[in-house]
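K.L.:
sequence unavailable; structure follows:
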């Protein structure tokens with residue numbers, strides 16, 4: 001846990017709004033993270049033959065997800081401009097297949113800003 005990043009997340013109003021809306025889901029995620037039996041139970045919904053012995057602890061991946069101030073998730077690309085800068089703030093999983101169009105859009109905006 002990076003204290004500064006956690007503080008930034010907790011200071012963002014959207015974090016609290018989404019947490020209020022989806023607290024049950026979040027609690028379930030935490031439960032499955034700390035309980036191998038709870039995780040196994042969830043996996044069995046897709047693969048009924050899986051046992052706890054089949055699962056090996058490993059590092060968890062993190063998928064960044066932009067959250068707006070009102071607590072809604074940004075499901076698509078979010079591009080913001082600043083003075084002489086262009087920022088891609090959200091690039092969900094299709095980013096690899098859409099990287100050329102995103103690059104063209106960033107270049108277009110950068111050229112118009114300069």
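P.N.:
Cool, the structure landed. The structure displayed is predicted, hence computed values, not measured ones. Numbering: from 1, shown residues only.

K.L.:
okay, CA-based contacts and neighbour counts for the rest of this
P.N.:
OK.

K.L.:
got the contact list for the longest helix belonging to the chain?
P.N.:
The longest helix of the chain (DSSP state H) is helix 99-113. The contact list for helix 99-113 (C-alpha atoms under 8 Å, 6 or more residues apart in numbering) reads 79, 81, 83-88.

K.L.:
go with 10 Å
P.N.:
77, 79-88, 91, 95-96 (C-alpha atoms under 10 Å, 6 or more residues apart in numbering).

K.L.:
in PyMOL, select just the buried ones from those residues.
P.N.:
Applied in PyMOL, the following selects the buried portion of those according to 16 or more other C-alpha atoms under 10 Å:
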select buried, resi 77+86+91
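
K.L.:
which pair of the contacts of helix 99-113 spans the longest distance?
P.N.:
83 and 96 (27.1 Å; C-alpha to C-alpha).

K.L.:
check which residues of the longest helix of the chain are buried.
P.N.:
Buried, per 16+ other C-alpha under 10 Å, within helix 99-113: 102, 106, 109-110.
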